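Enquirer: whatever this is, show me its structure:
(2 chains)
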Amino acid sequence: MIVNIRTSFHRAILAAVAAFSVLLGPVIAAETGDIVVENAVIRAPVPTASVAAGYLTIINRADQDDRVMSIDTPSAERVEIHEMVMDGDVMKMRPVAGGLAIAAGEPLELKPGGLHLMIMGLTAPLVAGETVMVRLTFETSGAIDVPFAIIDRTTAIPVRNETMGN
Amino acid sequence: MFRPRIVVPILTLVLLLCVAAVIVWRGAPVSVPVAAVEKPGTAFALLDQDGARITEAALEGHPSLLFFGFTQCPEVCPSTLYEISGWLDALGDDGKSLRAFFVSVDPERDTPDLLKDYVSSFSDRITAITGDPDEIAKLAAAWHIFVKKVPTDGGDYTVDHTASIILVGADGRMEGTIGYGESDEAALAKLRRLVAP
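Expert: The predicted structure follows:
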């Protein structure tokens, strides 16, 4: 029973943190030069899963467009950028080819129902409450290491304030 | 000699056969009309998550939910299974006759062992179905589920599939669907109708 109480307490804290992050605005996960990464989270998959989905917002403060060329993490064999599309009632997923363009000054949000990180070949279970380091390599801005918070199924994926209520 | 009484029905029949041929040739149609009444008991012989044989008999005598997906699907499948688990809890005793089935559209990778761990993470009331790929394709087609394997980089693949949940009555006939992203309220209203005595 103690385990259960601790688990629900833990969940309550996570939920509270998520609620505050919505109230207080985006959580900056990493910042380097002209690139800011906000709201970087990975949804904890079921314990035996080999894949997980990651979400984040990338802001390019430079005057010129940039591009995410590759993504790596020590916690998985590889990371791809996929786009989910609902075609009628059919779910389709496609890898985004040729890197992910990040227009200057326009935050790019990877969130449920659209673009997401497809983290494949997990080398260790992802546990809610822990953090995973993920390296994004940009064409112009170079590499940036981003800590991704692992959140459980009951915690909402944080989205930017501008898109709230959509 | 023109005899419309014979020619018109024959032409209608020919037209219907053409439409049916096109549907079969194109694979399962994408949209599922809610009012459609499927013929019950499309036969299949597959495996559940314990490796035990499971057939169309599992869908008879009680209402069921059928959801097609795969374990390497990062978003739609886990969130739908999580929702199903929540609905089963919310229905309580009213829903105790309801059975939920997760049919793998990736039977080559989704073994019974893998599915056992997978579905049990969501609920102890979800039965997984996998097995012979041809039998899976037959079952999916019978329920108008679109399934298409799509190659990705490095020899890998993903599977496009219909994300709706099929509601099956106790007589084994389709009663309706719950679309991906439908609200809990709408889904529970449909489920309450499905399980109503």
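
Enquirer: give me the low-pLDDT residue ranges for the chain?
Expert: Here I'm looking at chain A. Along chain A, the parts satisfying pLDDT under 70 run over A:1-25, A:161-166.

Enquirer: the chain in question should be chain B.
Expert: For chain B, the stretches with pLDDT under 70 are B:1-41.

Enquirer: could you list the contact residues of it toward chain A?
Expert: B:30-32, B:71-76, B:78-79, B:82, B:114, B:117-118, B:121-122, B:146, B:150, B:152-154, B:156, B:158, B:160-164, B:177, B:179-181 (C-beta under 8 Å from any C-beta of the partner chain). (C-beta placed from N, C-alpha, C; glycine too.)

Enquirer: how many residues are close by residue 51?
Expert: You didn't say which chain, so I picked chain A. 17 (other C-beta atoms under 10 Å in any protein chain shown).

Enquirer: not quite, I wanted chain B
Expert: By other C-beta under 10 Å, neighbour count at residue B:51 equals 13.

Enquirer: please name the bridge partners of the residue most central in space within chain B.
Expert: Per C-alpha atoms, centre = their mean, the C-alpha nearest to the average position across chain B is that of residue B:66, at 4.3 Å. Beta-bridge pairing of residue B:66, defined through DSSP bridges, involves residue B:101, residue B:166.

Enquirer: mind giving me the packing neighbours of the one helix or strand residue B:191 maps to?
Expert: Using DSSP states H and E, residue B:191 sits in helix B:184-195. Packing partners of helix B:184-195 (3 or more C-beta pairs under 8 Å, 6 or more residues apart in numbering or on different chains; DSSP states H and E): helix B:76-91, strand B:165-168, strand B:174-178.

Enquirer: from the residues of chain B next to chain A, which land in helices?
Expert: B:76, B:78-79, B:82, B:114, B:117-118 (DSSP state H).

Enquirer: residue B:166 is in contact with residue B:65, correct?
Expert: Yes - in this structure residue B:65 lies within contact range of residue B:166 using C-beta atoms under 8 Å: 7.3 Å.

Enquirer: contacting residues around the residue nearest the centre of chain A?
Expert: Nearest to the mean C-alpha position of chain A, by C-alpha atoms, centre = their mean, lies residue A:55 at 2.2 Å. Listed by C-beta atoms under 8 Å, 6 or more residues apart in numbering or on different chains, the contact set of residue A:55 reads A:39-43, A:110-112, A:116-117, A:157.
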